[in-house]
Structures are given as structure tokens and as C-alpha cells.
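[1] Need coordinates for the below:
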Amino acid sequence: MSNVETEPAELRCGEPVDDRRPAEEPRVDVLSARDVPLGGPRAMLVRRTLPQRARTLIGAWCFADHYGPVDVTKTGGMDVPPHPHTGLQTVSWLFSGEIEHRDSLGTHALVRPGEMNLMTGGHGISHSEVSTSRTTVLHGVQLWVALPEQHRNAGRDFQHHVPEPVRVDGAEIRVFLGSLAGSGSPVRTFTPLLGAEVILEPGATSTLAMNPGFEHGLLVDTGDVRLAGTMLRPAELGYVSPGTEALTLVNESDGPARTILLGGPPFEEEIVMWWNFIGRGHEDIVRAREDWEAMSDRFGNVEGYPGARLPAPALPNAVITPRRNPSRR
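    Numbers count the residues shown, from 1 in each chain. Coordinates of the predicted model:
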């Protein structure tokens with residue numbers, strides 16, 4: 001997915017502070033989302049929880065858009081023209097609907113509920129995303145992962161994975177990246193990561209073992225979920241710093257509660273993120289934008305999309321400046 005804001009904020013993310021708390025009483029920071037229009041005059045609104053002023057990364061997870069359920073007969077659905085990426089991986093996960101993915105590797109794939117598509121755009125890739133004619137309700141998340149310095153110019157790649165569900169204490173879990181509850185994903189990443197859909201039965205309590213070296217984020221899609229004693233409402237994300245060996249999730253709803261659990265060790269490198277590019281400084285962003293506007297071979301071509309590619313917005317009239325995770329006091 002593209003960040004189609006006409007005036008995207010510049011972000012430079014630093015090392016999160018490792019504020020270790022007792023495992024039995026982890027502190028949970030509640031992060032609210034902001035609405036961002038995705039597309040043209042009939043824009044589909046997405047709820048963005050990362051990045052924001054209160055937190056820029058959770059592990060290497062640097063971007064989280066949460067959208068739907070959207071009746072595409074009223075909104076027109078998703079139609080994101082070919083657009084570029086550098087220095088990151090995109091992770092697509094749907095709850096309902098179907099999206100057609102095309103990229104400059106020549107990939108033509110469908111994103112379906114319960115199936116993960118991961119695209120690597122290190123040195124440069126471009127792709128398009130369009131909801132299909134079979135879609136009536138579109139609902140899901142789009143996530144980005146920052147690549148570490150050693151691999152930020154990695155070659156283009158695309159991976160697809162359909163995780164098998166596992167059940168633990170009233171929870172159904174699908175692990176699409178990393179490992180959780182005895183289930184593991186074979187998908188390759190450049191830093192240790194956790195990504196999983198966790199669906200809780202009505203009134204269920206589930207305690208899950210965590211990697212204490214990871215920080216974690218729980219994004220609530222449906223239902224009211226208590227995370228380590230802190231209530232999270234739909235579209236809120238709860239953040240827990242490293243040092244926690246287990247997290248308890250309680251569904252306080254009368255119906256099922258669906259969540260996305262993210263994790264990873266604190267990402268210690270500074271990055272600059274602007275529009276669809278991640279670099280290490282202002283000049284990286286300038287160069288990537290120039291290459292895209294010049295139709296450089298760096299990003300390749302997307303075949304089969306019936307329209308023009310997405311132009312890059314204007315750069316800010318200033319050098320991109322740092323934005324860091326806040327210090328914990």
C-alpha cells in the first residue's frame with residue numbers, strides 16, 4: 001500500500017528506550033489512530049497507528065494502517081496505482097475481501113483473508129493494489145517493516161504464506177511472521193519479528209509466552225480487549241516495552257475479539273521515512289524521489305495496471321529532521 005498523503009510528514013526514528021518493568025505488571029501505553037484518506041475523491045479512510053508522535057517503531061515495524069470494514073459499492077474500494085518503495089518490506093493481511101497485487105518483479109498475486117503477502121523493496125520496487133470485483137467488504141491491515149543497514153539495499157522479493165491456525169486457551173492464532181504458541185512462519189525477514197492474528201472467544205482469557213527481548217504492540221480490530229490489565233478499544237494499539245515474558249489478553253466483549261500482535265527487538269538504527277521511502281538521511285529520500293520521477297530502472301515497471309503511476313508529492317522545504325520515540329520516565 002502507498003502512503004498517498006499529499007503532504008506526508010517526514011520522520012526520523014531513533015532507538016527506542018528499553019524500560020524494563022516487572023513481567024507480572026507490564027506497562028501498556030495506549031496509542032490512538034488517526035484517519036488518513038487513501039486515494040482520490042472517493043478516498044477510503046484508513047486508521048494509522050504507526051508512525052505517530054508517541055511512537056515511531058515497534059521492533060522494525062514502522063507503519064501500520066488498519067482499514068474497514070468498508071462497503072466497496074459505496075466507496076469504490078481500493079485502487080492504488082503503481083508506486084515505489086525503498087528500504088522496507090510490506091506485509092498485507094486481510095480479514096475480508098480480496099486485493100490484486102502487481103509488482104515490478106512481474107508478480108501477479110491475490111491477497112486473501114488468512115494469507116500473508118510480503119514484498120521486499122530494498123534498493124527499489126514498485127507495485128499496485130486494487131480490490132477485485134469479487135470484493136463486497138474490504139477489511140484488513142497493511143504493515144511496513146524497516147530494513148536494517150546491512151540489508152536496506154536488498155534485491156526485490158515476494159513471498160506468500162498461509163499459516164495454519166493453532167488454538168490456545170480460547171484463542172485462535174495465525175502466525176504469519178516469527179513464532180508464537182508453538183507455531184512458526186517460514187517467511188524470511190531481515191530482523192527478528194513477530195506478526196500474528198489472535199482471535200479471542202467471547203469472554204476468553206489467554207496468556208501467551210513472549211520473547212522478553214522483544215517489544216510488542218497489540219492492535220485491536222474488533223471487540224474490547226484487556227491487555228495486561230489495560231483496556232484497549234477497537235482501532236487502539238497497546239504498546240509493551242521489552243522485558244515481558246508473558247502477556248495476558250482478556251476479551252471483555254460478548255462476541256469474538258480480533259487483534260493483530262506485533263513484536264521485535266528494539267530497532268537501534270536511525271531511519272528517515274517520507275512518503276514510501278525509508279533511508280538513512282535526507283539525501284537518500286531526495287535521490288529516491290528523483291529516481292522515481294525520472295522513471296529510473298531502479299523501480300522497474302508494473303505491467304497490467306490500467307492507468308498511470310502515482311506521482312511523488314513535493315518534498316518539504318526543509319531538511320528532514322529526526323522524530324524519536326519518547327523517553328520513558
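[2] who's in contact with A33?
    Going by C-beta atoms under 8 Å, 6 or more residues apart in numbering, A33 touches R47, R48, T49, H66, A235, E236, L237. No exception for glycine: its C-beta is placed from N, CA and C like everyone else's.
[3] residues contacting the last one?
    For L237, the contacting residues are V30, L31, A33, T49, L50, A64, G217, L218, L219, V220, by C-beta under 8 Å, 6+ apart.
[4] Helix or strand next in line after the lowest-mean-pLDDT helix or strand in the chain, which one?
    Least confident helix or strand of the chain, by mean pLDDT, DSSP states H and E, is strand 11-13 with a mean of 49. Once the chain leaves strand 11-13, the next helix or strand it forms, by DSSP states H and E, is strand 29-31.
[5] Let me know the average pLDDT across that following strand.
    For strand 29-31, mean pLDDT is 96.
[6] Does anything pack onto the following helix or strand past that strand? Which helices or strands?
    Next along the chain after strand 29-31, taking DSSP H and E as the criterion, comes strand 34-38. Contacts defined by 3 or more C-beta pairs under 8 Å, 6 or more residues apart in numbering; DSSP states H and E place strand 34-38 against strand 44-50, strand 61-71.
[7] Which among these is found nearest to V168?
    When the helices and strands packed on strand 34-38 are compared by C-beta to C-beta, strand 61-71 sits nearest V168, at 22.5 Å.
[8] on that earlier part again, turn the helices and strands packed on strand 34-38 into a markdown table, including distance to E245, mean pLDDT and mean neighbour count.
    Output for the helices and strands packed on strand 34-38, formatted as a markdown table (distance: least, C-beta to C-beta, whole Å; pLDDT from 0 to 100; neighbours: other C-beta atoms under 10 Å):
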| stretch | distance to E245 | mean pLDDT | mean neighbour count |
| --- | --- | --- | --- |
| strand 44-50 | 24 | 89 | 22 |
| strand 61-71 | 20 | 94 | 21 |
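[9] Would you reformat those as JSON lines and include distance to S104?
    Shown next, in JSON lines, are the helices and strands packed on strand 34-38 (distance: least, C-beta to C-beta, whole Å):
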{"stretch": "strand 44-50", "distance to S104": "24"}
{"stretch": "strand 61-71", "distance to S104": "20"}
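[10] Nearest to R174, out of those strands?
    Proximity to R174, assessed across the helices and strands packed on strand 34-38 by C-beta to C-beta, is greatest for strand 61-71 (16.7 Å).
[11] packing partners for that closest one?
    Counting contacts by 3+ C-beta pairs under 8 Å, 6+ apart, strand 61-71 packs against strand 34-38, strand 44-50, strand 88-96, strand 137-146, strand 215-222, strand 257-264, strand 271-274.
[12] quick check: angle from that strand to strand 34-38?
    70 degrees (axes from the mean of the first three to the mean of the last three C-alpha atoms, to 10 degrees).
[13] Would you tell me what the next helix or strand after strand 61-71 is?
    Next along the chain from strand 61-71, counting by DSSP H and E, comes helix 72-75.
[14] Please state the offset of that following helix from the chain centre?
    Helix 72-75 sits 24 Å away from the centroid of its parent chain (C-alpha atoms, centre = their mean, to the nearest Å).
[15] Counting neighbours, show which residues of it come out buried.
    By neighbour count on 16 or more other C-beta atoms under 10 Å, the buried set for helix 72-75 is V72, T75.
[16] contacting residues around that helix?
    Against helix 72-75 from outside (C-beta under 8 Å, 6+ apart): R42, M44, M78, G97, S131, T135, T136, V137, L138.
[17] Go through stretch 222-234 and flag the buried ones.
    Quick answer for stretch 222-234 (16+ other C-beta under 10 Å): T222, G223, D224, V225, R226, L227, A228, T230, L232, P234.
[18] typed the wrong thing, it's stretch 258-270
    Buried positions in stretch 258-270, judged by neighbour count with 16+ other C-beta under 10 Å: R258, T259, I260, L261, L262, G263, G264, P265, P266, F267, E269.
[19] if I look at the last one, how far off is L57?
    Think E269. Distance of E269 to L57, given as C-beta to C-beta, to the nearest Å: 10 Å.
[20] cool, D103 as well?
    In this view, D103 and L57 are 25 Å apart by C-beta to C-beta.
[21] again with F158
    Plainly put, F158 is 24 Å away from L57 if you go by C-beta to C-beta.
[22] And the two? Which one has more around it.
    More crowded of F158 and L57, by other C-beta atoms under 10 Å: L57, with 27 against 18.
[23] Wait, that one touches A64, no?
    No: between L57 and A64 there is no contact, the gap being 10.4 Å when judged by C-beta atoms under 8 Å.
[24] any residues in contact with both of those two?
    Shared contacts of L57 and A64, defined by C-beta under 8 Å, 6+ apart, comprise L50.
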